[in-house]
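S.K.: Got a predicted structure plus its sequence, pasted below:
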Amino acid sequence: MSNTTVTVTDQGLTIAREGQTARFHALWLRDNAQDDATRAAGNGQRLIALRDIPRDTRVSAASAEGDTLSVTFAPEGKTVAYDLAWLWRHAYDRPVSCDSGWVASEFTTWDSGLSDTMPEADFTAVSTDPQAKRDWLAGVVRYGFGKLVNGPVVDQALMQVVDLFGYVRETNYGRHFEVRTQVNPTNLAFTGLGLQAHTDNPYRDPAPTVQVLYCLESSAAGGENMVVDGFRVAERLREENAQWFEVLSRYCARFEYAGEAGVRLRSRRPMIELAPDGELIAVRFNNRSAAAITDVPYAQMQTYYDAYRRMGEIIDDPAMEVCFRLEPGECFVVDNTRVLHARKAYSGAGTRWLQGCYADKDGLRSTLAALEESL
Ligand code: FE2
């Protein structure tokens with residue numbers, strides 16, 4: 001960083017090195033001071049509020065030396081040292097994406113082409129080796145799902161998976177739920193039930209952000225699991241018809257679950273959720289718990305239904321799905337705000353027993369970030 005030069009400007013200052021420049025506002029710099037009077041040394045939390053910083057704060061002097069930028073602020077007369085590498089990492093003077101539906105660079109969207117390289121790891125390795133755990137969690141974040149194999153075949157083993165990265169989210173279905181099917185060949189109608197790919201529990205607010213499905217028995221043929229990248233679905237819908245993407249992101253759908261006494265879960269959220277700057281942040285899709293849609297203007301309802309139908313067709317397209325079979329001791333973890341999952345139909349005799357639970361991705365991402373820092 002020794003070749004960084006600094007110029008004081010009316011707004012604040014500009015730093016430059018190797019043909020790159022970054023402008024910073026005086027208020028931004030003062031607000032992000034890292035000195036002991038601004039930030040607590042132990043936990044890094046900010047000790048002051050914006051009201052403690054004068055509105056007319058400006059840079060009165062600045063100089064760069066080695067890895068450090070030294071800035072003096074008026075009217076406080078306070079001098080603060082900044083780590084130049086930190087400043088370059090946090091530079092905001094760059095073009096920002098404002099396309100509707102842009103996907104953050106930390107995510108890679110995928111279709112069936114991912115099948116050969118789906119994120120998969122060994123349960124024991126991930127449980128004992130921090131690097132293996134880091135790599136697996138990074139895959140879960142990047143692709144929105146990940147499989148673990150060679151795990152224990154014992155009741156509640158899925159809790160050991162959650163313990164790897166976070167905490168169970170308990171719901172009215174309990175800390176975990178059973179997905180147990182006796183496949184009876186004399187009643188094939190019952191076994192023919194495949195499920196359309198969906199995100200779980202869109203009727204909750206917030207929806208569970210992580211789901212774990214753990215296999216304990218699997219002697220029935222069929223019943224493979226499949227996943228679809230909802231972000232890729234949204235991208236494809238937008239490429240095919242921008243207006244369809246627009247109505248599904250602009251207007252809220254409604255979801256409801258009232259299947260047991262004392263429970264009336266309802267939410268009002270779009271099927272494609274964008275941040276205010278257009279970033280694609282979540283997909284909700286579940287035919288079984290969709291409630292009457294009442295928040296789309298009359299003039300837009302036909303278009304909305306065209307868009308909703310097409311989104312379902314894209315989800316159902318085999319070119320979008322990654323399929324895998326879960327054997328006893330295997331599980332998968334899915335980002336339920338992005339990746340849809342489904343189970344294919346069963347055939348033949350046998351049993352299938354899975355246990356599922358919810359958790360949250362803030363914990364998963366925190367575990368990953370802490371591992372990345374320590375490694
Ligand atoms: Fe599900």
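M.R.: Great, that's in hand. Residues are numbered from 1 along each chain as shown.

S.K.: Contact partners for Ser219?
M.R.: Residues near Ser219 by Cβ atoms under 8 Å, 6 or more residues apart in numbering: 350-352. C-beta here means a position set from N, CA and C on the backbone, and glycine is covered the same way.

S.K.: If any of those are buried, give me the PyMOL selection for them.
M.R.: A single PyMOL command selects the buried members of the contacts of Ser219 (16 or more other Cβ atoms under 10 Å):
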select buried, resi 350+352
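
S.K.: Which one of the contacts of Ser219 is nearest to Asp163?
M.R.: Using Cβ to Cβ, Arg352 comes nearest to Asp163 of the contacts of Ser219, at 24.8 Å.

S.K.: Assign a three-state SS to the closest one, would you?
M.R.: Of the three states, Arg352 takes strand under DSSP: H, G, I helix; E, B strand; the rest coil.

S.K.: and if you look at Val233?
M.R.: Val233 - assigned by three-state DSSP - is helix.

S.K.: ok, it - how many residues close by?
M.R.: As a burial measure, Val233 scores 28 neighbours (other Cβ atoms under 10 Å).

S.K.: doesn't Met271 make contact with it?
M.R.: No: at 9.9 Å, Val233 does not count as touching Met271 under the criterion of Cβ atoms under 8 Å.

S.K.: anything in contact with each of those two?
M.R.: 283, 311.

S.K.: Sketch out the low-pLDDT regions of the stretch 51-200 of the chain for me.
M.R.: 182-193 (pLDDT under 70).

S.K.: show me where it has helices.
M.R.: Under the criterion DSSP state H, counting those that start in this stretch, the stretch 51-200 of the chain contains helices at 84-89, 123-128, 130-143, 157-163, 188-191.

S.K.: Which elements pack onto the host helix or strand of Phe255?
M.R.: If you go by DSSP states H and E, Phe255 is part of strand 253-257. Applying 3 or more Cβ pairs under 8 Å, 6 or more residues apart in numbering; DSSP states H and E, we find strand 253-257 packed against strand 265-269.

S.K.: Direction included, what does the next helix or strand after the strand it packs on pair against?
M.R.: Per DSSP H and E, the first helix or strand lying C-terminal to strand 265-269 is strand 272-274. Taking DSSP bridges as the criterion, strand 272-274 forms sheet pairs with strand 280-283 (antiparallel).

S.K.: got the buried residues for stretch 205-221?
M.R.: 207-216, 218, 220-221.

S.K.: Out of those residues, which is nearest to Asp306?
M.R.: Closest to Asp306, out of all of the buried residues of stretch 205-221 and judged by Cβ to Cβ, is Ala207, at 25.1 Å.

S.K.: Quick check: the closest one touching Ser267?
M.R.: Yes: if you go by Cβ under 8 Å, Ala207 and Ser267 touch, sitting 7.4 Å apart.

S.K.: picking that back up, now the buried residues of stretch 205-221 as JSON lines including secondary structure, pLDDT and distance to Glu279?
M.R.: Formatted as JSON lines, the buried residues of stretch 205-221 follow (DSSP: H, G, I helix; E, B strand; the rest coil; pLDDT from 0 to 100; distance: Cβ to Cβ, whole Å):
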{"residue": "Ala207", "secondary structure": "coil", "pLDDT": "97", "distance to Glu279": "18"}
{"residue": "Pro208", "secondary structure": "coil", "pLDDT": "98", "distance to Glu279": "21"}
{"residue": "Thr209", "secondary structure": "coil", "pLDDT": "98", "distance to Glu279": "16"}
{"residue": "Val210", "secondary structure": "strand", "pLDDT": "98", "distance to Glu279": "20"}
{"residue": "Gln211", "secondary structure": "strand", "pLDDT": "98", "distance to Glu279": "23"}
{"residue": "Val212", "secondary structure": "strand", "pLDDT": "98", "distance to Glu279": "26"}
{"residue": "Leu213", "secondary structure": "strand", "pLDDT": "97", "distance to Glu279": "28"}
{"residue": "Tyr214", "secondary structure": "strand", "pLDDT": "97", "distance to Glu279": "32"}
{"residue": "Cys215", "secondary structure": "strand", "pLDDT": "96", "distance to Glu279": "34"}
{"residue": "Leu216", "secondary structure": "strand", "pLDDT": "96", "distance to Glu279": "38"}
{"residue": "Ser218", "secondary structure": "strand", "pLDDT": "90", "distance to Glu279": "38"}
{"residue": "Ala220", "secondary structure": "coil", "pLDDT": "79", "distance to Glu279": "41"}
{"residue": "Ala221", "secondary structure": "strand", "pLDDT": "79", "distance to Glu279": "42"}
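
S.K.: And the residues you listed, which is closest to Thr124?
M.R.: Tyr214 (15.2 Å).
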